[in-house]
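S.K.: dropping a prediction and its sequence here:
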Amino acid sequence: MSVTCVTVNPVPAKPPVPERDAQQLLARSLSGLRAELDLREGFPEEVLREAAAAVVAHRLPSEDLRELPFLTIDPPGSTDLDQAIHLGRGAADDADGAAYDVRYAIADVPAFVPAEGAVDLEARLRGQTMYAPDGRIPLHPDVISEGAASLLPGQDRPAFVWHFRLDAAGAVDSVSVRRATIRSRRQLTYAEVQSAIDAGTTDEQFRLLEEIGRHRIRLELERGGAGLTLPRQEVTHDGGRYAIVTEPARPCEDWNAQLSLMTGMAAARIMLDGGIGILRTMPAPDDGALRKFRLQSVALGHPWPEDLPYGNFLRTLDVSEPRQLALMHAAATLFRGAGYTVFDGELPDDTVQSAIAAPYAHTTAPIRRLVDRFVLVICAALCAGEDVPGWARRALPELGSVMASSAQLASRLDSGALDAVQAALLSERIGEAFSAVVLQGSPPAADDAPGRQAPRPSGVVQVADPVLEAVCYGDLVAGEKVTVILLEADIARRRLRFEVKPADA
């Protein structure tokens, strides 16, 4: 009989950190994270001067849509408002018989960014606005992003106004986009809109948002689209302390997102028809990933029926139930490989964003995302039968790599900041027990050579209160409910570690 000796490193618990010290450590950790990622704090004077001059020199578009009562729906406290909507029903005497009349206004950021000037070049170095608990790092100077371009209520603003005519099923009959002057009347939060709808509001805008949103969701499922509706997790700061707020997505957020998706799909179709543009693409999940997910659904007690498309199946999941939440997290493996596809002349072979199940382009957030500014200008030119501006055409080849790099940076900032805040919130609770559900089980043990140290088996758990994800040591099975002990909450290293509590402990 042969015996294999394996040495396992113990992981001792770290001592707790007093709250006052934790807040100081957290501030240093978040500041250090910005430095580690080499984020571009502040703007060069040349950029600020050019932005201020562009705002002063700007003139509003001649087409005037200020009589339409646009409104915005955003998270509370938002000041960089990219989109405003106005929804209506088709008139009885409409020649095309359209059931819905949708205007989707997007901030005219290009109006304040001189082509290939200092603001433009700085934005290409940033790619997108970066959001951190200790303050955001904007794509554009505040005079643009929170001022002249932002669709704030009661202000005359230039916008790219998309005009959709929808049939009774919510399908697009016609679409166009052109520049116009608008004035938003109301700045609302998702909570306000959802509360009004739940109370049986008579506000026609809200009723139409729900009606059109539900039509668009049905069309998404019919074409094979899918979406992940994970609970939203946000780090908040009240001026003295940080906190993590977790809440499920409201239905009105889904309905509002459908309008954005509809606009992105329309932009993709306009660019494909025009033979120039940049798409957001993603390959379909391969058979192996789908088989694995189907097995996970069985293991987690919510089997995926063979005859149900996975997008439809995901919408059946109740993320308030731990095992179904774990399954929704597992579905993330189906949504990989997203990128940008540039074309100018010959159309690309791959044009589809598989989660949407249609060609799609990033279009609706030009204040916060670089690529949208170029998509808007290209689409407006094509709709008007004009040549695409040379500066936009010249920029296309580099946009994909710029956006990919900025997305990676934003992901590292998000995860690092969340890890730091979670560690600070739990720094006084070392050694305490928490209820959790396993999101990712431990991998099978590897065959190790005699005498070699083996890493401790570990997986990922979702702690119930406070709601957070963290590495956990022990033999873990996805979907299993467990009790875990907090071993470490290292604020400086932005790390949490738990251990499964033994059954007999």
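M.R.: Cool, got the structure. Numbers count the residues shown, from 1 in each chain.
S.K.: make it CA atoms for all contacts and neighbour counts henceforth
M.R.: Will do.
S.K.: quick one, helices of the protein?
M.R.: 19-37, 45-57, 118-126, 142, 190-198, 204-222, 251-274, 287-299, 310-314, 322-330, 370-383, 390-425 (DSSP state H).
S.K.: of these, which is nearest residue 500?
M.R.: helix 322-330 (17.0 Å; CA to CA).
S.K.: if we can go back for a sec, and the helices of the chain as TSV, adding distance to residue 182?
M.R.: Below are those laid out as TSV (distance: least, CA to CA, whole Å):
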stretch	distance to residue 182
helix 19-37	37
helix 45-57	17
helix 118-126	24
helix 142	20
helix 190-198	21
helix 204-222	17
helix 251-274	18
helix 287-299	46
helix 310-314	36
helix 322-330	40
helix 370-383	17
helix 390-425	25
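S.K.: need the winner for burial among those helices.
M.R.: helix 370-383 (a mean of 23; mean count of other CA atoms under 10 Å).
S.K.: next, the angle from it to helix 390-425.
M.R.: 150 degrees (axes from the mean of the first three to the mean of the last three CA atoms, to 10 degrees).
S.K.: mean confidence for helix 370-383?
M.R.: The average pLDDT within helix 370-383 is 98.
S.K.: before we move on, back to that, and residue 340, which of the helices of the chain is closest to it?
M.R.: Between those, helix 390-425 lies closest to residue 340; by CA to CA that is 5.1 Å.
S.K.: quick one: which of the helices of the chain is nearest residue 243?
M.R.: helix 390-425 (7.4 Å).
S.K.: how far away from the center of its chain is the closest one?
M.R.: When distances are taken as CA atoms, centre = their mean, to the nearest Å, helix 390-425 is centred 12 Å away from the chain's centroid.
S.K.: list the helices and strands it packs on?
M.R.: helix 19-37, helix 118-126, strand 242-247, strand 339-344, helix 370-383, strand 481-490, strand 495-500 (3 or more CA pairs under 8 Å, 6 or more residues apart in numbering; DSSP states H and E).
S.K.: any idea which of the ones you listed has the lowest pLDDT on average?
M.R.: Among these, strand 242-247 scores lowest, with a mean of 72.
S.K.: which ones are touching residue 425?
M.R.: 242-243 (CA atoms under 8 Å, 6 or more residues apart in numbering).
S.K.: my guess is residue 75 contacts residue 190. True?
M.R.: Yes - when contacts are counted by CA atoms under 8 Å, residue 75 is listed as touching residue 190 (6.5 Å).
S.K.: now the helices and strands packed on helix 390-425 as a markdown table including distance to residue 283?
M.R.: Formatted as a markdown table, the helices and strands packed on helix 390-425 follow (distance: least, CA to CA, whole Å):
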| stretch | distance to residue 283 |
| --- | --- |
| helix 19-37 | 29 |
| helix 118-126 | 26 |
| strand 242-247 | 30 |
| strand 339-344 | 9 |
| helix 370-383 | 20 |
| strand 481-490 | 34 |
| strand 495-500 | 33 |
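S.K.: and of those, who's closest to residue 263?
M.R.: Nearest to residue 263, of these and by CA to CA, is helix 370-383 at 10.6 Å.
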